[in-house]
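Visitor: After the sequence you'll find the predicted model.
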Amino acid sequence: MSKRLLTSTIILTLFSSSLLTACGTDNQSSNQQVQGNEATGNAQQDGMKPEAGAELLVWESKGPEFDFMKAVAQSFEKEYGIKVKVEPVPAIDTVKKLTTDGPAGIGADVFASPHDQLGNAVMAGLVLQNDIFTDSVKSDFMPSAISGVTYNGVLYGFPTAIDTYALFYNKKLMDKAPKTYEEIIKFAETYNDPKSKKYGFMWDVGQLYLSYSFLGGYGGYIFGNQGTDVNDIGLNNEKSIEGAKFLQSFKKVLPLNMNDINDNIITGFFQEGRTAAIINGPWFAASLSNTQIDYGVAPLPLLPNGEHPVSFSGIRGLYVNSYTKYPIAAKLFASYTTSKQSLTKRYEMTTQLPPRKDLMDDPIITKDPNTRAFLEQAKHSTPMPSIPEMGNVWVPVSAALSSIWNDNQDPGTVLNNAVNQIKTAIKTKK
């Protein structure tokens with residue numbers, strides 16, 4: 001997940017049960033099934049018949065993704081004769097905006113949103129199911145991408161990009177990417193020089209988004225049943241505790257308290273050539289564009305148990321407003337926008353990782369080793385839980401990580417306390 005996705009907060013007030021019942025019932029009954037083909041990638045031109053007189057409004061964030069959306073809208077209009085207007089609305093704000101604009105009939109027919117807003121959107125009855133992706137079309141996408149835009153076993157979204165993180169390393173300091181964390185530990189033993197502020201390895205320990213990879217790699221998890229079962233919290237199970245203990249062991253490699261290893265410090269140290277390797281996402285590359293650092297990107301190193309760290313991923317996607325007057329046209333546009341051809345163009349314009357498996361061997365991807373590295377790590381990623389209860393997790397776990405790291409407290413005891421806080425918060429809000 002990118003930082004923009006990570007910093008999105010759960011701000012959506014759930015609608016009453018009457019609203020849940022009222023939303024979009026007629027629209028859902030008019031959905032039509034389509035088959036995939038090579039022309040548009042996901043939807044046949046003659047497999048769906050858009051509503052007569054259909055015109056679409058689309059919300060997308062400003063930036064290169066907005067430019068892409070305008071370009072694909074023009075192409076779609078030319079091919080289908082359906083006018084598409086694209087308005088700039090930050091993706092992290094679309095669900096909140098739709099709570100008022102949807103019932104008022106002025107909301108976008110199709111809107112972009114990070115997947116961690118999906119639970120709120122579904123609970124408020126704001127989105128229609130994606131019932132036009134066949135099994136063969138779903139198989140074209142990374143499983144984590146499909147999982148990220150699915151809620152309670154129902155597919156809603158159309159994935160446009162996947163964000164996760166990997167290992168950045170300074171090629172001048174490391175002649176090759178470390179394959180295991182044990183290699184990093186051995187490197188740091190000879191490289192570290194705290195007096196000169198030189199460290200072999202750094203990451204923002206207190207950020208659950210990044211540190212989850214240690215817990216997940218040992219088999220830990222936050223919520224069971226692919227992040228949907230709030231009655232099964234796995235943060236304090238045996239496997240999570242084992243991962244937390246390995247994380248804690250890195251204090252000897254990175255002998256700083258969490259306040260001294262925040263994002264600004266990590267960025268500065270890597271830019272200055274003081275730190276040899278860090279964990280970060282593809283967005284970090286922009287901060288290196290004006291430096292002389294010769295860097296590479298590699299999947300996260302293997303853990304001592306021989307397993308891949310399981311990084312969190314964030315899935316960018318398109319969703320169809322349940323209040324749209326043109327559900328067929330809207331779904332057709334969302335499908336068209338996530339075809340192989342369209343997402344190839346999107347990658348060219350945004351450099352955001354395409355979530356389609358059938359693009360991983362495409363020359364546009366294979367020519368960039370850094371992109372390949374992120375996509376390789378994405379294979380070992382899991383979407384952040386998108387249920388509203390995830391909002392109760394961040395603060396208690398961040399505090400637990402602080403106790404584990406700064407105070408060397410027992411991970412089992414600390415994680416038990418965090419889980420109890422999470423359970424209490426969930427019960428209180430019911």
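Guide: Received, thanks.
Visitor: Please name the residues that touch residue 188.
Guide: Shown in contact with residue 188 (Cβ atoms under 8 Å, 6 or more residues apart in numbering): 199-201, 253-254, 276. Heads up, the C-betas are built off the backbone N, CA and C, glycines and all.
Visitor: brain fart, residue 344
Guide: Counting by Cβ under 8 Å, 6+ apart, residue 344 touches 354, 359, 362, 364.
Visitor: so how far is the helix or strand hosting it off the chain centroid?
Guide: Using DSSP states H and E, residue 344 sits in helix 340-350. Averaging C-alpha positions (Cα atoms, centre = their mean, to the nearest Å) puts helix 340-350 18 Å from its chain's average.
Visitor: Mind listing what's buried along that helix?
Guide: Buried positions in helix 340-350, judged by neighbour count with 16 or more other Cβ atoms under 10 Å: 340, 342-347, 349-350.
Visitor: would JSON lines of those residues with pLDDT be doable?
Guide: Converted to JSON lines, those look like this (pLDDT from 0 to 100):
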{"residue": "340", "pLDDT": "96"}
{"residue": "342", "pLDDT": "97"}
{"residue": "343", "pLDDT": "97"}
{"residue": "344", "pLDDT": "96"}
{"residue": "345", "pLDDT": "97"}
{"residue": "346", "pLDDT": "97"}
{"residue": "347", "pLDDT": "96"}
{"residue": "349", "pLDDT": "96"}
{"residue": "350", "pLDDT": "95"}
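Visitor: Tell me the one of those nearest residue 85?
Guide: Of all the buried residues of helix 340-350, residue 85 sits closest to residue 342, with 18.0 Å by Cβ to Cβ.
Visitor: Can you tell me the closest non-neighbouring residue to that closest one?
Guide: With sequence-adjacent residues excluded and distances taken as Cβ to Cβ, 6 or more residues apart in numbering, residue 342 is closest to residue 72, at 5.5 Å.
Visitor: Mind naming the longest helix for the protein?
Guide: In the chain, assigned by DSSP state H, the helix with the most residues is helix 411-429.
Visitor: Give me the helices and strands touching that helix, please.
Guide: Helices and strands touching helix 411-429, by 3 or more Cβ pairs under 8 Å, 6 or more residues apart in numbering; DSSP states H and E, are strand 229-233, helix 238-249, helix 394-406.
Visitor: switch the cut-off to 6 Å
Guide: For helix 411-429, the packing partners by 3 or more Cβ pairs under 6 Å, 6 or more residues apart in numbering; DSSP states H and E come out as helix 238-249, helix 394-406.
Visitor: Out of these, which is closest to residue 312?
Guide: For the helices and strands packed on helix 411-429, distance to residue 312 was read as Cβ to Cβ. The smallest value, 11.8 Å, belongs to helix 394-406.
Visitor: and that closest one, average pLDDT?
Guide: Across helix 394-406, the average pLDDT comes to 97.
Visitor: Going by neighbour count, list what's buried in it.
Guide: 394, 396-398, 400-405.
Visitor: where's it relative to the chain centroid, distance-wise?
Guide: Centre-to-centre, helix 394-406 and its host chain are 22 Å apart (Cα atoms, centre = their mean).
Visitor: in the sheet, who's paired with residue 356?
Guide: Bridge pairing for residue 356 (DSSP bridges) gives the partners residue 141.
Visitor: quick one on the thing from earlier: after the helix holding residue 344 comes which helix or strand?
Guide: For helix 340-350, the following helix or strand on the C-terminal side (DSSP H and E) is helix 363-366.
Visitor: Now do that following helix: which elements does it pack against?
Guide: Using 3+ Cβ pairs under 6 Å, 6+ apart, helix 363-366 sits against no helix or strand.
Visitor: Okay, buried residues for the helix or strand that comes right after it please.
Guide: Using DSSP H and E, the helix or strand that follows helix 363-366 in sequence is helix 369-378. Within helix 369-378, the residues that qualify as buried are 370-378, counting by 16+ other Cβ under 10 Å.
Visitor: and what of stretch 113-128?
Guide: Using 16+ other Cβ under 10 Å as the test for burial, stretch 113-128 gives 113-122, 124-128.
Visitor: about what we covered before: tell me the angle the longest helix of the chain makes with helix 394-406.
Guide: 170 degrees (axes from the mean of the first three to the mean of the last three Cα atoms, to 10 degrees).
Visitor: Using CSV, list the CA coordinates for helix 411-429.
Guide: Taking C-alpha atoms only, helix 411-429 is exported to CSV below (Å, rounded to 0.1, in the frame of the first residue of the first chain):
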residue,chain,number,x,y,z
PRO,A,411,6.5,-9.9,22.8
GLY,A,412,3.9,-12.4,24.0
THR,A,413,2.8,-10.3,27.0
VAL,A,414,2.7,-7.0,24.9
LEU,A,415,0.8,-8.5,22.0
ASN,A,416,-1.7,-10.1,24.4
ASN,A,417,-2.4,-6.6,25.9
ALA,A,418,-2.8,-5.1,22.4
VAL,A,419,-5.3,-7.8,21.3
ASN,A,420,-7.3,-7.2,24.5
GLN,A,421,-7.4,-3.5,23.7
ILE,A,422,-8.5,-4.2,20.1
LYS,A,423,-11.3,-6.6,21.3
THR,A,424,-12.5,-4.0,23.8
ALA,A,425,-12.6,-1.3,21.2
ILE,A,426,-14.6,-3.5,18.8
LYS,A,427,-17.1,-4.4,21.4
THR,A,428,-17.6,-0.8,22.4
LYS,A,429,-18.4,0.2,18.9
